[in-house]
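Engineer: No sequence on hand, only this structure:
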């Protein structure tokens, strides 16, 4: 009976949350790939940042934010990555973050997701609210990337394709 | 000890997930409000739908999708709402959905979020994956609405403002 109660009361398990996150990160990777290199670094609508700048924000948040949670060592928000206008360089950083997130996540099995933390020395929340914020912020900017692609006449990947 | 284990193993509680969802819905409501009425129904970039059409999709998913989970009565996906080109009409539908979601959520306390379901007769998943899909899809389209607003020279609400 206790096991059933635990199962029914669990909304999303840590393993499922990792898969949820990485599924979204796989879709964002496809969106990066869909951009022509020049437009990735330069295309803009309404004075907004090019998609590359948004991607650097996402890179600066995901792995460093999770590492901070797991290690307790304060992280600095860094949204600048060496790229030399090469999309490949940022895709490499993306893939490295993917692996590092998987490695760090092994420590999340013992994590209290309700613990109060301050991310990047300035954003108070709990472990769960911070993780969801990271993921939500990625969806938000990726949705913007979809409009950039459409405005360039490029068909974005299907939203439900997380493979 | 058992209580502690339960607490540490719970990533997000049903109450927190409702608040997460409604917080996002409050932000989307602010984005709707930020649009001038004509542009809400007509502005488009790259052949995409006007934001009003995306909002009707969101209205067609959120409350009907949750009602289907709670009652077990199959729902039909309906993305068309009577609006007469009035933003106020769709805001009223939005607010009614907000109240109805809160009412329906009272039944989610006994819900097995891991239960396999088929939403709208065509989307297989679990209760949790379906709910997150509904929420994620809203963020995705709302992010697109931000670009529409920026392209019109309008400052969107802050992403973190869920009040």
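Structural biologist: On my side now, so go ahead. This one's a predicted model, so the numbers in the text were calculated from it and none came from an experiment.
Engineer: Now do the helices in chain A.
Structural biologist: Per DSSP state H, chain A carries helices over the ranges A:2-9, A:14-34, A:37-42, A:51-71, A:87-105, A:127-151.
Engineer: Show me where chain A dips below the pLDDT cut-off.
Structural biologist: Segments of chain A classed as low confidence (criterion: pLDDT under 70) are A:1-9.
Engineer: swap the cut-off to 50 and go again
Structural biologist: A:1-7 (pLDDT under 50).
Engineer: before we move on, back to that, put together CSV for the helices of chain A, with distance to chain B on each row.
Structural biologist: (Each C-beta comes from the backbone N, C-alpha and C, glycine too.) As requested, those are arranged in CSV below (distance: least, C-beta to the nearest C-beta, whole Å):
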stretch, distance to chain B
helix A:2-9, 4
helix A:14-34, 6
helix A:37-42, 13
helix A:51-71, 10
helix A:87-105, 12
helix A:127-151, 3
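Engineer: Need the winner for burial among those.
Structural biologist: helix A:127-151 (a mean of 22; mean count of other C-beta atoms under 10 Å in any protein chain shown).
Engineer: tell me what that helix is packed against?
Structural biologist: With contacts taken as 3 or more C-beta pairs under 8 Å, 6 or more residues apart in numbering or on different chains; DSSP states H and E, helix A:127-151 sits against helix A:14-34, helix A:51-71, strand A:116-119, strand A:123-126, helix B:14-34, helix B:127-151.
Engineer: how much does it deviate in direction from helix B:127-151?
Structural biologist: 50 degrees (axes from the mean of the first three to the mean of the last three C-alpha atoms, to 10 degrees).
Engineer: Report the inter-axis angle for helix A:127-151 versus helix A:14-34.
Structural biologist: Using the same axes, to 10 degrees, the inter-axis angle of helix A:127-151 relative to helix A:14-34 is 20 degrees.
Engineer: Off-centre distance for helix A:127-151?
Structural biologist: Centroid separation between helix A:127-151 and its chain, computed with C-alpha atoms, centre = their mean, to the nearest Å, is 8 Å.
Engineer: before we move on, the earlier item: residue B:100 is nearest to which of the helices and strands packed on helix A:127-151?
Structural biologist: Nearest to residue B:100 among the helices and strands packed on helix A:127-151 is helix B:14-34 (11.7 Å), distances taken as C-beta to C-beta.
Engineer: Could you report the distance from the closest residue to residue A:68 other than its chain neighbours to residue A:63?
Structural biologist: Closest residue to residue A:68 apart from its sequence neighbours, by C-beta to C-beta, 6 or more residues apart in numbering or on different chains: residue A:75 at 3.9 Å. When distance is defined by C-beta to C-beta, to the nearest Å, residue A:75 is 9 Å away from residue A:63.
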